[in-house]
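1. sharing a model prediction with you, sequence too.
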Amino acid sequence: MNARFKAWLRQWRKPLQVLSLFGFFLSTIAAVYIFTTLAIQPASDRPSPVQSSSTAVVSVSDCATPSGGPTDNPIAGAYGERAYPWTAQIPWNCVYNVQDFEGNSAIARFNAARDTAARRGGGVVYFPPGIYEFSDNLELKDGVVLRGATPGTTDAGSDRYAPPSKLVFPEYKPQLSGNGTPNETAFKTITTENGDRDSNLGLVNLDINRAAILLGTDVSRAQNKNIVIFGIRSNNVARPDPNVPDLSFQAPWMRYSDRFATNIKINAFENVLIANNRLNDAITDTYEQPGYTLKSVKGDEIITYSEGDRVPFDYANHYGIAVNRSKPGGFQLNADPDSEPGLFREGIEIRDNWVYHTMRVAIHASGKGLKISNNIIRDRPNKQWWTHPTGLKQPTGAVTLENRAIDWSGWDVTVEGNDYQVYRHRIMDSDYLSVDGEGILIQECCGGSQVNGAKITNNRGNSYIGFYKVPDIKNVVVSENELLSNVTNTALIYINADTNNAPHQMHDVRVENNRINGNIFVQASAGGSNNTIANNRGGDRAEIEASCHVEIRDNSGFTVKPCRD
């Protein structure tokens, strides 16, 4: 090292030491800043971790993935901003496109998208147009909505309604020998993680094949709310009856479609909208069962049906839409808000749906302020059935299969603008028809309630409107309905406050301005006040029969029978 360089080094040694220390100081500050920032950054803002060895999520910006999807509130778009303000609590703008998530199956990608949405406070898992095949059940989480692309035809009442985003679940492929096909291979469901609490969720604009939508569990303890089922096409929903086969006399391969299966079943605390859905318009999976065995009506004689169509496994023999009508152990008779609060939840509305079914009830619901409006209900005429509802024995001539269009309960209920068909079954090869076929019904049993406020207006159908033996009926309007045929022998407007056990009262009931080809019957043998039958138009041989406290005036086309004390 030469003398000149050594002299220079001695001159600059102290400044270089200071500069070196300053650089070290800056590097330390930068390292601490970076570490601290990452340590305190909320998990919801970080790139999502790997979900499993086969599933990862791409980068997420704010509350959406890069491909995104529609961010509008579809309910506000269909019905206006003010109609259902609670739907604004659903985070429609946070869209997680399922195609932005990696995975070796549709269910892996869905789970990753759902978990990301739930972790970030909720959002929409969006399915672009296409077919998504799932091998197992789907489970929603709090704040998560499943949404498909908007259909070209948006009216679910149209035959052209076909959402382009299709969720397809496994088909049950029967084996009519040996032990049969295991039930676990099919009959899937869409549920939610915490049925009694998960809220601000639903399904929108999806074609769902072979999966029932079941949200909520026990209506008595439910705290879940703000549930939307909108624009869903649902087909091939069923479940096997758990009591068939009875191996004491039935073969292991035999199956019977459970009458309590339901396309859309919700139990919730408040705010449920089921609107613009199309159910059971393209059922393909019903199959015949030649060789099905059952017991005779009386005794233990074993009968074998060689004809396969006598006991088909039928994907239409069940409920369509059910809201707040199920509870472990059942409900008390003639319920009120104190005895059965679960039947009086608020904010329940079922509207603009198209429902096809061939057994049980198309729309089954309860609520305080319940609204059932502008639904189209269809059934199959000339039906015939060869078993008891349990599938274990032959039916009697007085069997009920609960063919019914609308079954409601609650207070301050509106049933308006519905167009319904319902038909009864011929029982085996007899002349008997099943004891059912009601059009719009409330009764005291089976989730029924007292009547305190009901408006049944502008409905059109082929069977009767019935307040069937419900004690103490109050504040009812039945008006502007058109009932031009009747599949039963019951009066087309039937309001009876008397039960089999005792007479009861009726107050403020008006039956007016209806057009019907049948009878009107209004009875409350314990008395009443402000009850009127007025301005109705009847057909040939129509009759009006009522208690003496009911005012009857200005009706045409009816014979008025002597009043009943």
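-> Nice, thanks for sending it over.
2. and residue 331, what does it touch?
-> When contacts are counted by C-beta atoms under 8 Å, 6 or more residues apart in numbering, residue 331 touches 340, 342, 343, 446, 447, 448. No exception for glycine: its C-beta is placed from N, CA and C like everyone else's.
3. which phi and psi does the fifth one have?
-> It refers to residue 447. In terms of degrees, to the nearest 10, the main-chain angles of residue 447 are phi 90, psi 10.
4. list buried residues within the contacts of residue 331.
-> Buried members of the contacts of residue 331, counted by 16 or more other C-beta atoms under 10 Å: 340, 342, 343, 447, 448.
5. output the below-cut-off pLDDT ranges for the stretch 51-200 of the chain.
-> Within the stretch 51-200 of the chain, the stretches with pLDDT under 70 are 51-61.
6. can you check the chain too?
-> Ranges of the chain meeting pLDDT under 70: 1-61.
7. mind listing the helices for it?
-> With DSSP state H as the criterion, the chain has helices at 3-40, 74-79, 106-119.
8. stretch 490-500: which residues count as buried?
-> Neighbour-count burial for stretch 490-500 flags 490, 491, 492, 493, 494, 495, 496, 497, 498, 499 (criterion: 16+ other C-beta under 10 Å).
9. kindly report the same for stretch 290-298.
-> 292, 293, 294, 295.
10. would you check which pair of those residues lies furthest apart?
-> 292 and 295 (11.8 Å; C-beta to C-beta).
11. which two among the buried residues of stretch 490-500 are spaced furthest apart?
-> 492 and 499 (21.4 Å).
12. report the separation between residue 381 and residue 359.
-> Using C-beta to C-beta, to the nearest Å, we find residue 381 at a distance of 14 Å from residue 359.
13. should've said residue 321
-> For residue 321, the distance to residue 359 equals 15 Å [C-beta to C-beta].
14. compare the two (neighbour count), which wins?
-> residue 321 (29 against 23; other C-beta atoms under 10 Å).
15. correct me, but that one touches residue 272?
-> No. Shown here, residue 321 and residue 272 do not form a contact pair, counting by C-beta atoms under 8 Å, at 10.3 Å.
16. tell me which residue is most central in this protein.
-> Of all residues in the chain, the one closest to the mean position by C-alpha atoms, centre = their mean is residue 264, 2.5 Å from it.
17. all strands of the stretch 201-350 of the chain, in order?
-> Ranges of strands in the stretch 201-350 of the chain, per DSSP state E, counting those that start in this stretch, are 201-209, 211-215, 225-235, 262-266, 270-275, 278-279, 292-295, 302-305, 319-323, 346-351.
18. now the angle between strand 319-323 and the last one, please.
-> What it means is strand 346-351. If you take axes from the mean of the first three to the mean of the last three C-alpha atoms, to 10 degrees, strand 346-351 sits at 150 degrees to strand 319-323.
19. show me the contact partners of strand 346-351.
-> So strand 346-351 is contacted by 84, 86, 225, 268, 270-276, 321, 323-324, 363, 365-375 (C-beta under 8 Å, 6+ apart).
20. state the distance from residue 399 to residue 432.
-> Counting by C-beta to C-beta, the separation of residue 399 from residue 432 is 8 Å.
21. between these two, who's got more neighbours?
-> residue 399 (20 against 15).
22. most tightly surrounded among the strands of the stretch 201-350 of the chain?
-> strand 319-323 (a mean of 28; mean count of other C-beta atoms under 10 Å).
23. what lines up beside that strand in the sheet?
-> Strand pairing for strand 319-323, using DSSP bridges, gives strand 262-266 (parallel), strand 361-366 (parallel).
24. residues in contact with the first one?
-> So the one you mean is strand 262-266. Residues contacting strand 262-266 (C-beta under 8 Å, 6+ apart): 212-216, 227, 229, 232, 234, 237, 272, 274, 277, 279-280, 318-324, 326, 355.
25. just how off-centre is that strand within its chain?
-> Averaged C-alpha coordinates place strand 262-266 at 3 Å from its chain's average position (C-alpha atoms, centre = their mean, to the nearest Å).
26. and it with strand 211-215, angle?
-> Using the same axes, to 10 degrees: strand 262-266 against strand 211-215 is 20 degrees.
27. for residue 484, list the residues it contacts.
-> Counted by C-beta under 8 Å, 6+ apart, residue 484 has contacts 462, 515, 516, 517, 539.
28. for the fourth one, which non-adjacent residue is spatially closest?
-> Here the nearest residue to residue 517 in space, its sequence neighbours aside, is residue 539; by C-beta to C-beta, 6 or more residues apart in numbering that works out to 3.6 Å.
29. so how far is residue 545 from that neighbour?
-> Taking C-beta to C-beta, one finds residue 539 at 16 Å from residue 545.
30. mind checking which of the two has more residues around it?
-> The neighbour comparison of residue 539 against residue 545 (other C-beta under 10 Å) goes to residue 545, with 20 against 16.
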